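Student: Below is the sequence, then the predicted model.
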Amino acid sequence: MQLTLLALILALLTVIGFLIGRSRAASSVGGRVAELHSVPSYHGVYVALWAGLPALLLFVAWTASEGWLAMQLVLSALPERLTTGDGQSVGLLKADILNLAHGIATGREADPLVMEAARRYAALRDLADWSLLAVGASLAVAGLAWGRHRIGPDLRARPAVERVVRVVLVVCSLVAILTTVGIVLSLLFEALRFFTVVSPLDFLFGTHWSPQMAMRADQVGSSGSFGAIPLFAGTLLITVIAMTVAVPVGLMAAIYMSEYAGRGVRTWLKPALEILAGIPTVVYGFFAALTMAPFVRSVGGALGLDVSSESALAAGIVMGVMIIPFVSSLSDDVINAVPQSLRDGSYGLGATKSETIKQVVLPAALPGIVAAVMLAVSRAIGETMIVTMASGLTANMTANPLQAVTTVTTQIATLLVGDQEFDSPKTLSAFGLGLVLFLVTLCLNMVALRVVRTYREKYD
Amino acid sequence: MSIKSGIPGQLKLRPRADRQTDRAAAAALPAKMTARGVKVFYGAKQALKGIDLDIQENRVLALIGPSGCGKSTFLRCLNRMNDTIEGCRVEGRIALDGEDVYGKAVDAVQLRARVGMVFQKPNPFPKSIYDNVAYGPRIHGLASGRDELDEVVQTSLKRAGLWAEVKDRLREPGTSLSGGQQQRLCIARAIAVSPEVILMDEPCSALDPIATAHIEELIDELRANYTIVIVTHNMQQAARVSQRTAFFHLGEMVECDDTEEIFTNPRDERTQGYITGRYG
């Protein structure tokens, strides 16, 4: 409640600051705006920033530390027999206090001391929120007054505002980078835990995948086996099938759209193809499982082949269809970016349309096409749902597209579905697989970028 | 360098009688291409309003005129490059050796092998220097075997005056050359198909004066073997390289005559105004 109020007050003061700053800047030079160093709206933003920014920073710092501080105060007041012990029991105590403070039943009879602590905690939080409201609002008013005081014809408001804007931009880009770093690190640490149990060599070069771990020592089939080669092979097989479908079809569709189709056809064909990219992969998944897989099986049966009901071929073909718009849309863009002067040059020598496309346009567009294909490969490797639904979970090591195979992502999904214990190698192996997957797609993207940079022709 | 010197006003005047006989001789030269009543429309907009023009064999015809006057459009009609522009319509008759180039029997692709083109901006293909020149001969099957193709490439590069500069780097990309070299590469590429007519659309407008001088010299040499039509904004250039000049204005051809005559004794007021720099 207090925080919402504070947010409203800050927003209001910021707007007021902008209006005051703008009008005061204009009146400080008697309306002759040209005499100001910066235009009046920069003065407005300047005052608004002084009003809003310090209070906002305080708000962020306060809310980040408030809960922890209140908890420390409450804990220090509790008798030592409750707060000493291993990390787990203290953690449990904290959770109890938090739950009680928020009025959530803990499911067992609470210690009156803990009840008291929870009450104190809630009171402290309430007090802290009110004082934050008071301090924040006065800081905002003070900032507004200071900013207003600084305004005058010589105030360099524009450079100051632009410095702040630049910091904001830097922070935004850092958020993206830091998130990525965080994801990679969490992946890395969990994977390291996995590799302390299972040797990386067994994992990377073992040929048997069976991640079942025993609950009890006397269970049958108790030892898990974590050879990931069948998963890599399955991923490779399905990716190859998907690319065999997607690259020729997508590329030729792109050539038709950019070189042959008239403007009318192009305006509806391109969006229509892009609709394919908008279909949820689950929908592709049941199309693969319910339509494509039986179809593949009956065709295989008619040819006298033994096709399992869940086949790599069915999943690969549907995945290829899913990827077509990636290849076609990106390739269409790069083909369109080939300068018309190159086509004219070729036509001017008496080349036909197809000669021009094959020998001039496609080579010129090749870097972009390669990048499009690489992106499509990353997409195919990362695709989970279609394989889960259409190609099954059996880790067969086979190059036969008519059999069921499984992929890295599908295994990760199945390993982490449902309730898991995060100290079993079975669960942790998902992070090992994730790490390998991340490294592979990272390499693919880097290779793609390199290819693009090396072979890009400069056209102006 | 054997560049013809001088700006239009400084052209050396020979006795009038001489020039008269020249003109008579010129008129007698056979026309390689003829245009009669050529009208071009881009959608509803008319770009050319009925052009009659003869292009004589083994001579350089310069097309001059202010921007947007239709000279490039006319040039692109001669080898049907306008076919590639959506909504462009051509009326009238253009003949190459007496045969209508817009006739049903004529394939635009084969026509362009006979009437080559060099563009305003050098546009080498993203291939090696060798492959750029060999592109035309390859698609038209002009050379049988590796040696013959090498021969064609070498001859074309020599004729375009580029051989000495690139003979040791034929495998490097065409785009690695300088602008002037790229334009000569494009000329070599056009020559390699052995066209009868070469159309040049402001071939020097993207080049510095030295590269321009090279190209102009080259055009003069090429005249012995090819019929050349050049569009230019630069009147000194028209005076230096061409034997005949046609002045275009607002989609019409105002006058066409010997270059000396156009620049020293224009019959039309508009021509006079343009070449003396009153507008354009």
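Tutor: Right, received. Where do you want to start?

Student: what's the neighbour count on residue A:57?
Tutor: Look at residue A:57: counted by other CB atoms under 10 Å in any protein chain shown, it has 11 neighbours. For every residue, glycine as well, the C-beta is placed using N, CA and C.

Student: did I read that right, residue B:106 in a strand?
Tutor: No: assigned with DSSP: H, G, I helix; E, B strand; the rest coil, residue B:106 falls outside any strand and is coil.

Student: Hmm, it is touching residue B:94, no?
Tutor: No: using CB atoms under 8 Å, residue B:106 is not in contact with residue B:94, being 10.3 Å away.

Student: who's more crowded, those two?
Tutor: residue B:94 (26 against 15).

Student: Isn't the more buried one up against residue B:75?
Tutor: No: when contacts are counted by CB under 8 Å, residue B:94 is not listed as touching residue B:75 (11.3 Å).

Student: Go ahead and measure how far stretch B:169-176 is from the middle of the chain.
Tutor: Here stretch B:169-176 is found 25 Å from its chain centre; the criterion is CA atoms, centre = their mean, to the nearest Å.

Student: Same check on stretch B:66-76?
Tutor: With CA atoms, centre = their mean, you get 12 Å for stretch B:66-76.

Student: do the same with stretch A:369-377
Tutor: 19 Å.

Student: same check, this time on stretch B:264-278
Tutor: The answer for stretch B:264-278 is 23 Å, by CA atoms, centre = their mean.

Student: hang on, the earlier thing: what sits in contact with each of residue B:106 and residue B:94?
Tutor: Common neighbours of residue B:106 and residue B:94 (criterion: CB atoms under 8 Å, 6 or more residues apart in numbering or on different chains): residue B:100.

Student: Contact residues of chain B facing chain A?
Tutor: B:79, B:81, B:84, B:86, B:109-114, B:116-119, B:121, B:123-127, B:135-136, B:139-140, B:173, B:175, B:186, B:189-190, B:193 (CB under 8 Å from any CB of the partner chain).

Student: May I have stretch A:423-440 as CSV, with CA atoms only?
Tutor: Output of stretch A:423-440 as CSV, limited to C-alpha atoms (Å, rounded to 0.1, in the frame of the first residue of the first chain):
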residue,chain,number,x,y,z
ASP,A,423,21.0,-34.4,-5.7
SER,A,424,20.4,-37.4,-8.0
PRO,A,425,22.6,-37.8,-11.0
LYS,A,426,19.4,-38.5,-13.0
THR,A,427,18.2,-34.9,-12.5
LEU,A,428,21.6,-33.4,-12.7
SER,A,429,22.3,-35.1,-16.0
ALA,A,430,19.8,-32.6,-17.6
PHE,A,431,22.3,-29.9,-16.8
GLY,A,432,25.1,-31.8,-18.4
LEU,A,433,23.1,-32.2,-21.5
GLY,A,434,22.0,-28.6,-21.4
LEU,A,435,25.6,-27.5,-21.2
VAL,A,436,26.6,-29.6,-24.2
LEU,A,437,23.6,-28.2,-26.1
PHE,A,438,24.5,-24.7,-25.2
LEU,A,439,28.1,-25.1,-26.3
VAL,A,440,27.0,-26.7,-29.6
